[in-house]
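[1] Give me a model of this one.
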Amino acid sequence: MAPWGVLELGRLGLRQVLDEAGAVYSKRIVPYDENQPGEAALPYALAFREIVPWVPDGLCMSHPGMCAALLAAAESAGATCLRGVDHVEVVPGAAPAVAFAQAAERRRWTARLVIGADGRNSRLRRQLGIAMQADAPHNLLGGVLVDRVPDWPQDMAAIGTEDRVHFLVTPQGGGRVRLYLCFAFADRALFTGSERERRVIDTFARLRCLPQAAMIAEGRAIGRFSAYSNEDHWSDDPTAPGVVLIGDAAGHNDPVIGQGLSIALRDVRLVAEIILAGGRDRASFRSYVEERRERMRRLRIVAHLTARLRVEFGEEARQRRRRVGARMRADPLRSPMPATLIGPEKLPAVNFEQRTIEALLAD
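    This next block holds a predicted model:
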């Protein structure tokens with residue numbers, strides 16, 4: 001979870017819940033790369049609190065563990081959580097209704113407001129006919145949890161590009177790390193089949209720019225490695241009469257910049273504040289719709305730039321990373337990239353203008 005998402009977690013009063021459930025905090029991220037392998041990358045390590053003191057460290061945690069902790073907290077706060085629900089249908093309107101099946105029993109509830117948070121393939125969104133826009137897919141990204149890596153520094157994440165992969169490593173505590181690989185569609189066959197987890201670990205083991213490659217080579221995958229296409233999906237208005245969508249259901253950012261949880265937490269806070277202020281009708285959520293539209297636009301720009309820099313391969317791409325990296329280090333707050341750490345609203349609008357991007361990428 002990006003540091004600005006950790007801030008949202010705190011504003012929601014939920015940070016202690018995850019801390020008690022085993023959250024690990026990454027204090028710095030080291031940009032290993034073909035251009036700056038091994039110790040050459042250390043001077044460019046980003047210590048979150050040194051760059052922007054008011055931003056906390058990045059939070060790393062098992063996603064299932066996080067979900068279980070938040071669900072338990074919701075139930076403790078009085079929420080009724082139903083499991084095994086299927087065939088959900090929503091009827092929008094001044095008095096919206098939700099119908100669903102549970103244990104072969106069909107139910108129908110009326111509500112003052114329905115909040116849809118059913119993921120990027122949202123059934124509710126399709127039922128409501130909320131239009132989505134999308135970029136063309138440009139690469140694949142997948143992750144896998146790996147244990148038996150006890151020597152990985154638990155306060156450090158690593159990111160980089162080498163040969164034909166972009167990679168990310170985050171600590172998970174207990175001798176575990178999570179490995180992410182981003183690669184071209186042309187290389188899909190390398191990471192499919194029954195041995196794909198071993199191939200992922202072997203790919204990390206061969207990284208020349210990553211000093212910890214040997215310790216990852218001894219790791220063991222927990223669960224399956226599955227890769228998904230990378231692109232942005234967004235809606236200009238994720239609401240309908242009596243219904244508000246949040247999180248991936250409302251549209252998701254390209255996961256190459258890892259903003260999904262932070263986006264969802266901001267959605268939760270904004271929608272909760274409107275509800276607690278007495279808002280229920282569609283007009284009440286206009287401020288949420290407008291803020292989210294601009295937030296996702298800015299993050300979309302960052303994702304496009306990130307994909308160009310980190311998930312294009314070969315000598316020309318390597319030289320581009322070297323050139324742009326030097327420019328961003330010389331003036332880090334004149335590019336859109338810090339938005340992934342401090343939040344997209346914290347940077348001036350000029351950082352996201354096309355002329356800024358063109359100046360960064362210029363030969």
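
[2] What residues does residue 48 make contact with?
    Residues counted as contacts of residue 48 (C-beta atoms under 8 Å, 6 or more residues apart in numbering) are 3, 27, 28, 29, 55, 56, 57, 58, 341. Backbone N, C-alpha and C define where each C-beta goes, glycine included.

[3] Please identify the nearest residue in space to the fifth one, excluding sequence neighbours.
    Counting by C-beta to C-beta, 6 or more residues apart in numbering, residue 3 is the residue found nearest to residue 55 once chain neighbours are left out, at 4.2 Å.

[4] measure the residue lying farthest from the centre of the chain to residue 127 for me?
    In terms of distance from the mean C-alpha position of the chain, residue 105 ranks first, at 35.9 Å (C-alpha atoms, centre = their mean). Here the criterion is C-beta to C-beta, to the nearest Å. By it, residue 105 lies 21 Å from residue 127.

[5] Over to residue 61?
    From residue 61 over to residue 127 (counting by C-beta to C-beta), the distance is 32 Å.

[6] Output the contacts of residue 48 in a markdown table; the columns should cover secondary structure and distance to residue 321.
    Shown next, in a markdown table, are these (DSSP: H, G, I helix; E, B strand; the rest coil; distance: C-beta to C-beta, whole Å):
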| residue | secondary structure | distance to residue 321 |
| --- | --- | --- |
| 3 | helix | 23 |
| 27 | coil | 24 |
| 28 | strand | 20 |
| 29 | strand | 16 |
| 55 | coil | 25 |
| 56 | coil | 28 |
| 57 | coil | 25 |
| 58 | strand | 22 |
| 341 | helix | 19 |
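
[7] Which of these sits closest to residue 193?
    Residue 193 lies nearest to residue 29 out of the contacts of residue 48, by C-beta to C-beta, at 31.2 Å.

[8] so what's the closest one up against?
    By C-beta under 8 Å, 6+ apart, residue 29 lies in contact with 45, 46, 48, 58, 156, 157, 158, 159.

[9] By average pLDDT, which secondary structure element in this protein comes out worst?
    When each helix and strand of the chain is scored by mean pLDDT, DSSP states H and E, helix 48-51 comes last, with a mean of 80.
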